[in-house]
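J.: Below are the sequence and a predicted model; questions follow.
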Amino acid sequence: MEIPGNLKYTGDHHWVQIDGDKVFVGITDYAQKDLGEMVFLDMPETGTIVFVGDVVGALESEKTTADFCAPISGEILEVNDELAEAPEAVNSAPYENWLIAMSISDEGDLEALMDAEEYAAYCSAL
């Protein structure tokens with residue numbers, strides 16, 4: 001299982017890449033393997049204000065549908081529209097295919113995220 005060291009992680013198996021005052025969010029290798037091949041991604045509208053844990057979309061695979069939750073509080077700045085036509089790209093390259101980009105409204109939210117080592121230990125305990 002791939003776990004890049006430059007990202008932060010949630011217990012819901014989302015990754016967060018910090019880029020200045022913006023973060024990119026996607027699902028981890030663990031999540032894509034668990035969910036199976038993606039067939040549809042229901043993503044939020046840009047401009048939506050969300051808080052940590054809010055359901056912002058849904059990930060539909062051949063096996064199941066899972067909620068996609070906000071890992072931090074902020075505004076949805078961008079949605080990766082390329083995935084609407086090719087949701088399976090999340091499976092082949094989960095760390096290259098971000099789902100949403102957000103602003104950061106509370107820096108403290110970032111401190112609650114796991115680093116790669118903590119996330120690896122978390123996954124091992126599942």
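T.: Here it is on my side, so go on.
J.: Report the central residue of the chain.
T.: Nearest to the centroid of the C-alpha atoms of the chain, with distances taken as CA atoms, centre = their mean, sits residue 26, at 2.8 Å.
J.: How about the host helix or strand of it, which residues are buried there?
T.: According to DSSP states H and E, residue 26 maps onto strand 22-27. Neighbour counts over strand 22-27 (16 or more other CB atoms under 10 Å) mark 23, 24, 25, 26, 27 as buried. From N, CA and C alone the C-beta is placed, and that goes for glycine too.
J.: re the thing from before, excluding chain neighbours, what is closest to the residue nearest to the centre of the chain?
T.: Sequence neighbours aside, residue 98 is the residue nearest to residue 26 in space, at 4.5 Å (criterion: CB to CB, 6 or more residues apart in numbering).
J.: which residues of this structure fall in strands?
T.: Secondary structure of the chain (DSSP state E): strands at 8-9, 14-19, 22-27, 38-42, 49-50, 55-61, 65-69, 74-79, 100-103.
J.: Rebuild the ones you listed as a markdown table, extending it with mean pLDDT.
T.: Listed next are these as a markdown table, based on pLDDT from 0 to 100:
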| stretch | mean pLDDT |
| --- | --- |
| strand 8-9 | 98 |
| strand 14-19 | 97 |
| strand 22-27 | 97 |
| strand 38-42 | 96 |
| strand 49-50 | 97 |
| strand 55-61 | 96 |
| strand 65-69 | 95 |
| strand 74-79 | 98 |
| strand 100-103 | 98 |
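J.: Would you reformat those as a markdown table and include distance to residue 1?
T.: Output for the strands of the chain, formatted as a markdown table (distance: least, CB to CB, whole Å):
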| stretch | distance to residue 1 |
| --- | --- |
| strand 8-9 | 12 |
| strand 14-19 | 12 |
| strand 22-27 | 13 |
| strand 38-42 | 18 |
| strand 49-50 | 28 |
| strand 55-61 | 18 |
| strand 65-69 | 18 |
| strand 74-79 | 26 |
| strand 100-103 | 23 |
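J.: Tell me which of these lies nearest to residue 87.
T.: strand 38-42 (4.0 Å; CB to CB).
J.: Could you check the closest one and say which residues are buried?
T.: Across strand 38-42, burial judged by 16+ other CB under 10 Å covers 38, 41.
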